[in-house]
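# Here you go, sequence then predicted model.
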Amino acid sequence: MSRSVLVTGGNRGIGLAIAQAFAEAGDKVAITSRSGEVPEALAKYDVLAVSCDVTDAAQVDAALTEVEEKQGPVEVLVANAGITKDTLMLRMTEEDFTSVVDTNLTGTFRVVKRASAKMLRARRGRIVLISSVVGLTGTAGQANYAASKAGLVGLARSLAREFGPRGITVNVVSPGFVATDMTAVLSEERRKEIVSAVPLGRYAAPDEIASTVRFLSSDEAAYITGAVIPVDGGLGMGH
């Protein structure tokens, strides 16, 4: 059965792969991005692209209203939108810290709060938050990003308890290093250093993250909630 799916930050990288996976499965898919444009990779699908800055509650409300009007209330929400502003703590400005947390963590809160209202009334829904191995292990130069991604785990587990009685599951996918535009800017030396720490010895492909998200959104995963699923090649094992 075709469901109404919303992927925030669905215009590139992991979010794009997730949107494509749902579209290929026959779901009605909407994506948000600041530009509001349909990426070329999604042009062959009937994907709804909506402009939305998740740091603005009014824009979140307007975007969800548009999605609801055009493809129905959101039944599957994938909160993926995020940014990085990496630097060492002593160089990190307050704006560096708060802007990352406001986008990655508070932005997710805004989207989930708005989308979950109709899920609760319908007594069904799937919510998947995209965190990061960095939120579990920490890494130098990413205190802001790690804090925001760790916060998603607490948010998801609290909501899993709150929404569970209404048939809504809330889970977290924790990717490791993925071959995207974000990691492509790393130096060759840094990439070799990262791969050497990954037991499987390679980066993940975006569609490997997408397939995990689709599973958590499926009927087969109906009894999984409050879980943190690592898709990191073993990089964060034990956390």
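Here it is on my side, so go on.

# And the pLDDT for the spatially most central residue of the chain?
Centre of the chain computed as the mean C-alpha position; nearest residue by CA atoms, centre = their mean is residue 80, 2.2 Å away. Note for residue 80: predicted pLDDT of 98.

# Thought residue 5 was touching it, still the case?
No - look at residue 80 against residue 5 with CB atoms under 8 Å: they stay out of range, at 11.8 Å. Every C-beta, even on glycine, is put in place using the N, C-alpha and C of the backbone.

# Quantify the burial of the closest residue to residue 3 other than its chain neighbours by counting its neighbouring residues.
Closest residue to residue 3 apart from its sequence neighbours, by CB to CB, 6 or more residues apart in numbering: residue 75 at 4.4 Å. Around residue 75 there are 23 other residues, counting by other CB atoms under 10 Å.

# Next, work out how far apart residue 75 and residue 97 are.
34 Å (CB to CB, to the nearest Å).

# try residue 63
Residue 63 sits 26 Å away from residue 97, taking CB to CB as the criterion.

# higher neighbour count, those two?
Neighbour count, other CB under 10 Å: between residue 63 and residue 97, residue 63 has more, with 24 against 18.

# and that one, what pLDDT?
In this model, residue 63 is scored at 98, pLDDT.

# these two touch, right, it and residue 49?
No - counting by CB under 8 Å, residue 49 is not a contact partner of residue 63; they are 10.3 Å apart.

# which neighbours do these two share?
Common neighbours of residue 63 and residue 49 (criterion: CB atoms under 8 Å, 6 or more residues apart in numbering): residue 32.

# so who does residue 85 touch?
Taking CB under 8 Å, 6+ apart as the definition, contacts of residue 85 comprise 92, 96, 99, 100, 144, 145.

# Contacts only, for residue 18.
If a contact means CB under 8 Å, 6+ apart, then residue 18 has 7, 10, 78, 80, 209, 210, 213, 214 as its contacts.

# quick one on the thing from earlier: and the residue nearest to the centre of the chain, how far from residue 108?
In this view, residue 80 and residue 108 are 9 Å apart by CB to CB.
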